[in-house]
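In: Based on what follows, work out the 3D shape:
(one chain, ligands or ions: 2)
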Amino acid sequence: MRSEGKPDKKIIKEIDILKRQIRELHGLKSELEKSKQGLKRYEEKTDDLNTGFRELSNLLQEKDQRLLDNKDKLSEVNKELLESRDELEATLNQLEAQRQLLLFEKNRLQTVIQHMGEGVLVIDSEKNIESMNERAKEILGFEGERDMPIGYKMSFILKLWKELHESRKDIVKKELHIHTPREAVLMITLACLPKKECSEGFVVVIRDITFEKRVEKMKSDFVANVSHEIRSPMAPMKETLSLVLDGTAGPITEKQKEVLTILNDNLERLLRLVNDLLDLSRIEAGKIELRRERVDMASLVKCTVESINVYANRKKIDMSIEAGQGLPKVSCDKDRITQVIINLVMNAVKFTPEGGKVSVQCTMDEGRGMEDEGRGMRDEGRGMKDEGRGMRDERSSKDRTSFIRINVADTGPGMTKEDTEALFERFKRLTGPATVKGTGLGLSIAKAIIEIHKGKIWVESEPGKGSVFCFTLPVK
Ligand SMILES: Nc1ncnc2c1ncn2[C@@H]1O[C@H](COP(=O)(O)OP(=O)(O)OP(=O)(O)O)[C@@H](O)[C@H]1O
Ligand SMILES: [Mg+2]
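Out: Ligands and ions are numbered 1, 2, ... in the order given. This is a model prediction of the structure:
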C-alpha cells in the first residue's frame, strides 16, 4: 500500500519509462516521417529509372530494327558488288583477248613491213625519221647501226613534205633519181598518218623502179626503131599509090579506084599511127628539142579552136572560148602545145553527141604543176641525211611558180574514175560509137608534151556529166 501525498515511486518510475518510450516513439515517428519521404523520393526515382529503361529499350529496339534493315541492304549491295565484279572480270578478259589480238596484228604487220619489197620509213610529227624497214636501209645505203638516220631529217623527204603541204592533199608521189649508194630511180610515195595535214607524222614508201624504167626505155626504143623501119617504105608506097590513083600510071576503072582509095585511107591511117608512135617514143626518151618561144596562150587557144570550128559546126556543136585579160606569155614550143590543144578539142568534138557544147577556158592557176617532178627532182644523193636547218616550210609567194591553165569542157558521155586514171596510157580507148575513129595515142602524146614542159594534165569527169580536160604550163 501507498502512503498519502507521496507518489508511489514505482508509478513514477513507470511514468518515466512511459515518457521515455513516448519520446522514443516521437523520435521513431519523426524518423518514420523522414523514411516515408525518402521512400517517396525513392519511388519517384524508381519511376524515373523505369521510364529511362523503357526509353532505352525502345531505342535499342529501334536500333536493332535499323541494324536489321541495314543488314538486308548490305547483303543486297554485296550481291550487286559481286555481280559487278563478275561483269568487270568478263570485260577485263575480253579486253585482254583484244589486246592479245592487237599485239598479234601489230607483230604481223611489223614482220610484213620489215620484209616487204618496198622501203618504208615512218616520220614523226617533227619530220624526223622514227623507224625504217630493212629494204629502206638497203635502198638508201644505210648499213651500220651507227649510220642510221633515226631521229634525223632527210632533205628529199622534207622537199616532198613541202609539196604535200602546199598541195593540201593527203598523198603525194614523186620519181627521184639518186646516185648513191648506186644509180637508181625511185618512186617515192608520201602519205599522212591518219590525221590531215600530217600533224601526227607521215609514212614514206620507196619503190625501186630502176629495172622497170630500164624495161620501159627498151620498149620505147624498140617501138621507135620498129616504127621508123615501118615508116621508111611507107612513104614511097603512098607515092606509088597516088600515081596509080590519079591515073599517071595508066587508066584505072571506077571499081579499082574505089578499092585503091580504101587502100590509100588505110595506108594514111597506118602512117599516122606510126608517126604518132615514133613521136611518142622520141618525146618519152627526151629526144626532141623543144623550140621554145614566148607565146600568148589566149591567142593560141583562139586560133587553134577556130581551125576546128568547121568540125564542130558539122555536128551542130556550140563552141565557146573564154580567155582571161592580160594573161602572161608562156615559154613553150608553140607547135607542140597546138598539137595538145587540137587533140583535146578534137576529142571533145568527136565524143560529144550532136547539139552538145564544148567550151575552152584559158586562166591563171596558182596551184598545179610538176616543177620538181621526175627529172626536175634529181637528188645528187649526197647529204641525204639532213638536219633540216634553214629549210623553210613555206615558199614565199614571190618564189612560187604561177601556171596558165587550159580547160576543155564538153557535154559528152563523161567517164568513170578508173577511166580518168587510165586514159593517158597508150592505146587506151573507151568503148564508144564505132564511127568515132582514133588510135588512142593522142592523150599519151599530149601528156608527154605537157610533162616535158613541166606542166600537168588531167581530166575531171563523171559518167553522164561530160568531161573537163585540163592542163597547166608554168609561167617563167
Ligand atoms: N572528151 C572526151 N569525152 C569522152 N571520152 C574521151 C574524151 N577524150 C578522150 N576520150 C576517150 O579517151 C580515149 C583516148 O583518147 P586519145 O585522144 O588518146 O585517142 P583517140 O582520140 O581515140 O585517138 P587519137 O590518137 O587520134 O587522138 C578516146 O578513145 C576516148 O575513148
Ligand atoms: Mg584524140
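In: so how far is residue 227 from the residue of the stretch 151-300 of the chain found nearest ligand 2?
Out: Among all residues of the stretch 151-300 of the chain, residue 276 sits closest to ligand 2, at 9.8 Å; criterion: CB to the ion. The C-beta positions use only the backbone N, C-alpha and C, and glycine is treated the same way. Residue 276 sits at a distance of 9 Å from residue 227 (criterion: CB to CB, to the nearest Å).
In: One more: residue 432?
Out: As judged by CB to CB, residue 432 and residue 227 stand 26 Å apart.
In: more crowded one of the two?
Out: Neighbours per residue (other CB atoms under 10 Å) separate residue 432 from residue 227, with residue 227 holding more: 20 against 13.
In: Tell me who's in contact with that one.
Out: Contacts were defined as CB atoms under 8 Å, 6 or more residues apart in numbering; by that measure residue 227 touches 274, 275, 277, 278, 281.
In: Of all those residues, the one with the weakest confidence?
Out: Note: of the contacts of residue 227, the lowest pLDDT belongs to residue 281, at 85.
In: got a list of what it touches?
Out: Residue 281 sits next to 220, 221, 223, 224, 227, 287 when contact means CB under 8 Å, 6+ apart.
In: Now for the closest residue to the third one other than its chain neighbours, which secondary structure element holds it?
Out: Closest residue to residue 223 in three dimensions, ignoring its sequence neighbours and counting by CB to CB, 6 or more residues apart in numbering: residue 281, at 5.0 Å. Taking DSSP states H and E as the definition, one finds residue 281 inside helix 254-284.
In: Show the subsequent helix or strand relative to that helix.
Out: The element immediately downstream of helix 254-284 (helix or strand, assigned by DSSP H and E) is strand 292-295.
In: in the next helix or strand after that next one, what's buried?
Out: Remark: after strand 292-295, the chain's next helix or strand is helix 297-314, criterion DSSP H and E. Taking 16 or more other CB atoms under 10 Å as the neighbour-count basis, helix 297-314 is seen to contain the buried residues 297, 298, 300, 301, 304, 305, 308, 312.
In: same deal with stretch 261-272?
Out: Within stretch 261-272, the residues scored as buried using 16+ other CB under 10 Å are 264, 267, 270, 271.
In: Reformat those residues as JSON lines; add pLDDT and distance to ligand 1.
Out: Formatted as JSON lines, these follow (pLDDT from 0 to 100; distance: CB to the nearest ligand atom, whole Å):
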{"residue": "264", "pLDDT": "92", "distance to ligand 1": "18"}
{"residue": "267", "pLDDT": "92", "distance to ligand 1": "16"}
{"residue": "270", "pLDDT": "90", "distance to ligand 1": "13"}
{"residue": "271", "pLDDT": "90", "distance to ligand 1": "13"}
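In: Pipe the residues you listed into a markdown table and attach distance to residue 112 per row.
Out: Converted to a markdown table, the buried residues of stretch 261-272 look like this (distance: CB to CB, whole Å):
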| residue | distance to residue 112 |
| --- | --- |
| 264 | 59 |
| 267 | 55 |
| 270 | 49 |
| 271 | 52 |
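In: surely residue 356 meets residue 320?
Out: No - between residue 356 and residue 320 there is no contact under CB atoms under 8 Å: 11.9 Å.
In: low-confidence ranges in this structure?
Out: In the predicted model, the chain carries pLDDT under 70 at residues 1-7, 145-146, 195-198, 366-400, 433-435.
In: Could you identify the longest helix within it?
Out: Determined from DSSP state H, the single longest helix within the chain is helix 9-115.
In: so what secondary structure elements neighbour that one?
Out: Counting contacts by 3 or more CB pairs under 8 Å, 6 or more residues apart in numbering; DSSP states H and E, there are no secondary-structure elements packed against helix 9-115.
In: who in the stretch 101-250 of the chain is up against ligand 2?
Out: In this structure, the stretch 101-250 of the chain does not approach ligand 2 anywhere, judged by CB under 5 Å from the ion.
In: any idea which element the residue in the stretch 101-250 of the chain positioned nearest to ligand 1 lies in?
Out: The nearest approach of the stretch 101-250 of the chain to ligand 1 comes at residue 227, 14.1 Å away (CB to the nearest ligand atom). Under the criterion DSSP H and E, the helix or strand holding residue 227 is helix 210-245.
In: before we move on, what about residue 336?
Out: Using DSSP H and E, residue 336 falls within helix 334-351.
In: from the middle of its chain, how far away would that helix be?
Out: Average the C-alpha atoms of helix 334-351, do the same for its chain, and the two points are 34 Å apart (CA atoms, centre = their mean, to the nearest Å).
In: if we can go back for a sec, for the residue of the stretch 151-300 of the chain closest to ligand 2, give me its contacts.
Out: With contacts defined as CB under 8 Å, 6+ apart, residue 276 is in contact with 439, 441, 442, 445.
In: do that again at 10 Å, thanks
Out: Taking CB atoms under 10 Å, 6 or more residues apart in numbering as the criterion, residue 276 is in contact with 227, 426, 439, 440, 441, 442, 444, 445.
In: need the contact list for residue 113.
Out: Neighbouring residues of residue 113 by CB under 10 Å, 6+ apart: 120, 122, 131, 132, 133, 134, 135, 136, 203, 205.
In: same check, this time on residue 34
Out: Listed by CB under 10 Å, 6+ apart, the contact set of residue 34 is empty.
In: Equivalent analysis for residue 47, please.
Out: Neighbours of residue 47 in contact, by CB under 10 Å, 6+ apart: none.
In: Quick check: it vs residue 339, distance?
Out: 128 Å.
In: Pop out the phi and psi values for the residue nearest the centre of the chain.
Out: Centroid-nearest residue in the chain: residue 170, 4.5 Å away (criterion: CA atoms, centre = their mean). When quoted as degrees, to the nearest 10, the phi and psi of residue 170 stand at phi -100, psi -10.
In: Over to the one 5 residues further on?
Out: Recorded main-chain torsions at residue 175 are phi -100, psi 140, according to degrees, to the nearest 10.
In: next one: residue 424
Out: Note on residue 424: backbone dihedrals following degrees, to the nearest 10 are phi -90, psi 0.
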